[in-house]
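Chemist: Prediction below, plus the sequence it came from.
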Amino acid sequence: NWTTPGKHTLESNRRHKLRQTHHHSERMSSKDATNGEPAPAATDESSVDVVVDNKEKEVEKETKEAKAVEKETPTEEDPAAKRMGGSRESLHCMKELLTEDAQAALDTEGDAEFDIGALTIEEALLKFNTTRDGISSEEAARRLEQYGHNCLPEVETNKCLKFLSFMWNPLSWVMEMAAIVAIVLSNGPEPFLFPTEKFTPYTGLVGGARQPTPSGKYPPPDYPDFIGIVILLIANSAIGYYEESKAGDAVAALMEQLSPNCKAKRDGKWETIPAKDLVPGDIVTIKLGDIIPADLKILEGAALKVDQAGLTGESLPVTKNPGDEVYSATVVKRGEIDAMVHATGVNTFFGKAANLVAETEEHGHLQAVLSSIGNFCMGYIGLWIVIIVVVTLAAYKWYYRGMIDMVLVVLIGGIPIAMPTVLSVTMALGVNELAKHQAIVTRITAVEEMAGMDILCSDKTGTLTLNQLTVDAPSTCGDFTGEDVIQAAALAAKREGDPDAIDKCIHEAAVNQGLNFDKFEEKFFHPFDPVGKRTEAKLINKEDGSTHYCSKGAPQVMIDLAHNADEIREEQEKIIDDFALRGLRAIGVAEKKGDDGPWEFMGLIPLLDPPRHDTKQTIEEAQRLGVSVKMITGDQVAIGKETARRLAMGLNFHNAKVVRQEFVEGIPIQDIVEEADGFGEVFPEDKYRVVEILRHINHGPFGGPHVVGMTGDGVNDAPALKTADVGIAVADATDAARAAADMVLLSPGLNVIITAIIGSRKIFQRMKNYAMYACCTTVRIVTSFGLLAVVWQFSFPPFMVLIIAYLNDGTIMTISKDNASPSPTPDAWRLKEIFTLGSVLGLWMTLSTIIFFIVIIYTTWFDTLAGTPPNPTIKDDSICYWYNLLEVQQLAGTNTYAANAPPVGFSAVASCVGITAASTAAERAACASDLRDTNNFGGYTFAALNGNAYVNNNDCLSAYAATYGNNLIGSTTNAVIYLQVSITGQMVIFSTRARLFFFMDMPSFWLMGAFCLAQIVATLLVVYADWPFTAIAPIGWGWAAITWVWSIVWYVPLDIFKILTYWGFYGNPWAHLVEHKKMLHMALNGGASHMGSRASRRAPNSRAYARASHARAVARASRKK
């Protein structure tokens, strides 16, 4: 608790505080006038005393008024006193030491708004009841409960809306429209009632007068199709919702590893805690590369440089001094300092701004590709709908009910309704699989870019090398010794907290040499920043009180710092070059004595950073995958070259200065950058420039621009990571680098990047396989049933197309877990190839269906083998044909229609009146003629339809009478065609997923199992199902077997057409085979190649793509010269 100070002490403290406040106000005013840099006070002491006396009077007056109010009002606990833990009286005494603004701020409730900038550092600490040693763990827990977590509240998507979102896309809209058509527009006359005008050799159901059913009522709405479409939409949405949610939860759990942490003082000790657990009053430390976790008030230390561009739009970093505020979500660009948290979560400046800004939806390239595929399918369907409507209504005089049925068939069968679900599930499951291999994707569409990446710009330190530095023998300058150089460098290094690799190795070297640091007291430390490229420490020698400054950093910077730079430059640069030729990185060291003494260059410390043991093999792997690796390093060009030599990389290196030019010796900078194997001595803006140039050179995959990946770990890498097509933050990257990256690696080294490339190409291949399958299915179903309708007037039941869609979608969902083989070169959405190949395969499958239809209708080739269907009643289409001939008295012994008609229907009709069908066409005609003469068939039929009794035991006529008025267009034929379309339609996926022959690339257990299950269901359905409502009759095992054999025979040549199509696009596909086998081997071994150099020699074209841009650039450069 606060104690009341004596009167003399109170008076002295109050005057001191008011004087300090006045100086602070003037400094702030001067700071505003000097662009953020504090200016020295220019006010004399007398003027300050006048101001102080005025302030004293104001304070005394307000204090008296407050006491008067206190006497008049009932006593109650002051909220500020309660927060501070003291009595009301002691708080009043304490308030007298504060400025007016500070008193007002202190009186506010905990989370009420106040001007933190009006408080000095001490006042702010007082306001939040904290000290420089932080708060206790118990107090932190209490405040966490009071203020909540330091994060913006996540907008939880309504689960019902998320589920319905799977039905909200153009493809689903078409299906929803089809459902409406089925239930609303299908309530019309039947298309085939009492034909009287003309006949076809097949149905005899064209033309003539149409009328309602004998009961005088129109047929009911098409409830089966309506219900079936709705169930299909719900099933697709349910599967997509479940799989995406499951995969999303798994990825979210892994993303927790990327949650930012920060160092905070709890119980007087520094500890690392999740940033979301910060509370007001916490003391934290922030350093270069950190994303500031909350709104902070800076305590003592050097000035910070903070990038506020994402928050305020300022293009340049802003200087922040002790006492200033820094805001959540901004990035530290220079400096290291302690600060106090004063606002968290939604109470931060960023949190309030985020609540005011509506989040915009980003439509990536993948969305555009899906729209193109959907437009292709819908355009093709629309064309055939126009043809069907015109032909059936204008030429064949169908009533709209029959036309609507055929429109529903092409809509339901042609729309790839499952495409959004399949692709989103494939992407989500693939991203989850990448996360298991230590590659966490933060932007899901980056998988597409990673699959097409053909250039990887890699940082050297920590990615290509171990970043485990060792100190070699120092090179000294003047009278300094090696121990002097090591000690000065160690004094200029960060020794506590989380030092970087250079500071750590230098400190260890100093400790190993037994150097003593105890005699120096550190007064100030300026950490390394990528612009100044050096560190600096101010030290006091405890023995004699002398002041020393030590600094270390980039050799050129340290040489320039020395007072005799021109004298020593040539000698030191020669030593630096010698180190570089040995692959050693040099660190310059300098010191100065006293505040005004000159800087003395002490010498150079060589550091060795060996390459990772697997980097060389990994780079070779990348080249075989068609990815060119370019080294981007801040080290000297000679060091980069030496590292590249050890890694068997190209040695065409340039100093980053060339990137800042438009032409180099008359050669465009684009050619120089594309040809280069690496760049040295780069600054942050140079990395950005290299990536930006490469992204605009149209020598990438398939004639498009390069797809560029960039690795990085520091805040200086963030701009390049952001502009790259695929920004990759390597292990132990700073918060700023992770925030800018599309993918974050949890394991060090380049090998995990190769694993991510292969994994991304697998995901992409699965998506492309499905897209090709979807286009093929659309072309095949729409063309097949369109031709059957407009040429043969064949009307297929829409409900059976729904069954095909159910089984197809259920099977194709498993493609997300298929054993896809990654492409051996960078891949891309080649829509022309997808549409062409889908059309070729679809038309071949269409041909198989049309010829099968002709064979079973116009020939008796399979009758003996297949046998008679188990219940050849009037559900068979040919019965309608025989009935119509009999009814209009057109059947005669020599009638050609009778001779060409299928026998099954005639047998059924003849058996109804006790006539046994003969085996030849002539005998069939004769039997039919006898049937006609008796007039029994027509008479009994119409008697039945009029409600009169029909001949006893004439079951087939009974069924016909009961179901007459429905669209009975050949139930057994419908069943056979359904099975053939179902089998061949799903078999296509095994062809589209393989680059050559389907048997060379085996599918996963899930895909094969789903196919087998779906086709078992389809086969059992046609063998046993007797569904008059959808005109399906059982065909028996004989016809089912014939259909299976026919489908397999026609499937085998499919791969030949596919390979010929690929040949037309890319030339001889056999040259692709060796590379394909090698890639499959690599994929099965997790991305690690075991082929060796001999395999590379066997496939001389394997590196052709990776070297193509290099060869082009060299040729252009030669021409320019």
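Modeler: Yep, that arrived.
Chemist: so where do the helices sit in the stretch 401-550 of the chain?
Modeler: In the stretch 401-550 of the chain, the helices defined using DSSP state H, counting those that start in this stretch lie at 419-436, 446-452, 482-491, 501-512.
Chemist: Can you lay out those as TSV showing mean neighbour count, distance to M177 and mean pLDDT?
Modeler: To be clear about C-beta, it is placed using only N, CA and C from the backbone, and glycine gets the same treatment. Converted to TSV, the helices of the stretch 401-550 of the chain look like this (neighbours: other CB atoms under 10 Å; distance: least, CB to CB, whole Å; pLDDT from 0 to 100):
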stretch	mean neighbour count	distance to M177	mean pLDDT
helix 419-436	22	17	82
helix 446-452	25	30	87
helix 482-491	23	74	91
helix 501-512	19	62	87
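Chemist: Of those, which is nearest V682?
Modeler: With CB to CB, the closest approach to V682 among the helices of the stretch 401-550 of the chain belongs to helix 501-512: 17.5 Å.
Chemist: Could you save the helices of the stretch 401-550 of the chain as CSV and add columns showing distance to G268?
Modeler: As requested, those are exported to CSV (distance: least, CB to CB, whole Å):
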stretch, distance to G268
helix 419-436, 38
helix 446-452, 43
helix 482-491, 27
helix 501-512, 25
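Chemist: To G704, which of those lies closest?
Modeler: It's helix 446-452; of those, that one is closest to G704 (CB to CB) at 8.5 Å.
Chemist: ok so, going back, out of the helices of the stretch 401-550 of the chain, which comes closest to I273?
Modeler: Among these, helix 501-512 comes nearest to I273, with 23.1 Å by CB to CB.
Chemist: list the buried ones in the helix or strand harbouring F579?
Modeler: Using DSSP states H and E, F579 falls within helix 565-581. Residues of helix 565-581 classed as buried: 572, 575-576, 579-580 (neighbour count, 16 or more other CB atoms under 10 Å).
Chemist: Which other helices and strands does it contact?
Modeler: When contacts are defined as 3 or more CB pairs under 8 Å, 6 or more residues apart in numbering; DSSP states H and E, helix 565-581 packs onto helix 555-561, strand 584-593, strand 600-608, helix 637-646.
Chemist: Switch these over to CSV; also include mean pLDDT and distance to T755.
Modeler: Shown next, in CSV, are those (pLDDT from 0 to 100; distance: least, CB to CB, whole Å):
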stretch, mean pLDDT, distance to T755
helix 555-561, 92, 37
strand 584-593, 92, 29
strand 600-608, 92, 28
helix 637-646, 88, 22
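Chemist: that older thread, relative to N564, which of the helices of the stretch 401-550 of the chain is closest?
Modeler: That would be, of the helices of the stretch 401-550 of the chain and by CB to CB, helix 482-491, which comes in at 16.7 Å.
Chemist: by contact count, what packs against the closest one?
Modeler: Counting by 3+ CB pairs under 8 Å, 6+ apart, helix 482-491 packs on strand 475-476, helix 501-512, strand 547-553, strand 584-593, strand 600-608.
Chemist: and the second one with strand 600-608, angle?
Modeler: In other words, helix 501-512. When axes from the mean of the first three to the mean of the last three CA atoms, to 10 degrees is applied, the directions of helix 501-512 and strand 600-608 differ by 100 degrees.
Chemist: what angle sits between helix 501-512 and strand 584-593?
Modeler: Angle of helix 501-512 versus strand 584-593, following the same axes, to 10 degrees, is 70 degrees.
Chemist: Can you give the contact residues for helix 501-512?
Modeler: Contacting residues not belonging to helix 501-512 are listed as 461-462, 467-471, 486-487, 489-490, 493-495, 499, 517, 528, 535, 552, 587, 605, 607 [CB atoms under 8 Å, 6 or more residues apart in numbering].
Chemist: For PyMOL, write the selection for the buried entries among these.
Modeler: Selection of the buried residues among the contacts of helix 501-512 in PyMOL, burial being defined by 16+ other CB under 10 Å:
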select buried, resi 461+462+467+469+471+486+487+489+490+493+494+495+528+535+552+587+605+607
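Chemist: what's the helix or strand for the residue lying closest to A622 once chain neighbours are set aside?
Modeler: Using CB to CB, 6 or more residues apart in numbering and skipping residues adjacent in sequence, the residue nearest A622 is V629, 5.3 Å away. Under the criterion of DSSP H and E, V629 resides in strand 628-632.
Chemist: That strand: partners in the sheet, and parallel or antiparallel?
Modeler: Counting by DSSP bridges, the strands paired with strand 628-632 are strand 455-459 (parallel), strand 678-680 (parallel).
Chemist: right, and the helix or strand after the shortest one?
Modeler: So the one you mean is strand 678-680. Per DSSP H and E, the first helix or strand lying C-terminal to strand 678-680 is helix 684-695.
Chemist: Packing partners of that next one?
Modeler: For helix 684-695, the packing partners by 3+ CB pairs under 8 Å, 6+ apart are strand 455-459, strand 628-632, helix 669-675, strand 708-712, helix 718-723.
Chemist: If you count contacts, what does the longest one end up packed against?
Modeler: Where contact means 3+ CB pairs under 8 Å, 6+ apart, helix 669-675 is packed against helix 684-695, helix 1104-1120.
Chemist: List the contacts of T547.
Modeler: So, once contact is read as CB under 8 Å, 6+ apart, T547 ends up touching 538-541, 593-595.
Chemist: JSON lines for these, including distance to P668 and neighbour count?
Modeler: Listed next are these as JSON lines, based on distance: CB to CB, whole Å; neighbours: other CB atoms under 10 Å:
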{"residue": "K538", "distance to P668": "48", "neighbour count": "16"}
{"residue": "L539", "distance to P668": "51", "neighbour count": "22"}
{"residue": "I540", "distance to P668": "56", "neighbour count": "15"}
{"residue": "N541", "distance to P668": "57", "neighbour count": "13"}
{"residue": "K593", "distance to P668": "51", "neighbour count": "14"}
{"residue": "G594", "distance to P668": "52", "neighbour count": "10"}
{"residue": "D595", "distance to P668": "50", "neighbour count": "8"}
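Chemist: surely A648 meets K616?
Modeler: Yes - at 5.6 Å, A648 counts as touching K616 under the criterion of CB atoms under 8 Å.
Chemist: Those two: who's more crowded?
Modeler: More neighbours surround K616 than the other of A648 and K616, with 16 against 12 (other CB atoms under 10 Å).
Chemist: what's the neighbour count on the residue nearest to the more buried one when sequence neighbours are not counted?
Modeler: With CB to CB, 6+ apart as the criterion, K616 has its nearest non-adjacent residue at 4.8 Å, and that residue is L647. Neighbour count for L647, taken as other CB under 10 Å: 22.
Chemist: one step back: what's the mean pLDDT across the strand holding V629?
Modeler: Summarised as a single mean, pLDDT over strand 628-632 is 91.
Chemist: just so I know, which of the helices and strands packed on helix 684-695 lies nearest V425?
Modeler: Taking CB to CB as the criterion, strand 708-712 is the member of these that comes nearest to V425, at 25.7 Å.
Chemist: what helices or strands is the closest one leaning on?
Modeler: If contacts are counted by 3+ CB pairs under 8 Å, 6+ apart, strand 708-712 sits against strand 455-459, helix 684-695, helix 718-723, strand 726-729.
Chemist: elements contacting the next helix or strand along the chain from the shortest one?
Modeler: What it means is strand 726-729. As assigned by DSSP H and E, the chain's next helix or strand after strand 726-729 is helix 735-740. Helices and strands touching helix 735-740, by 3+ CB pairs under 8 Å, 6+ apart, are helix 718-723, strand 726-729.
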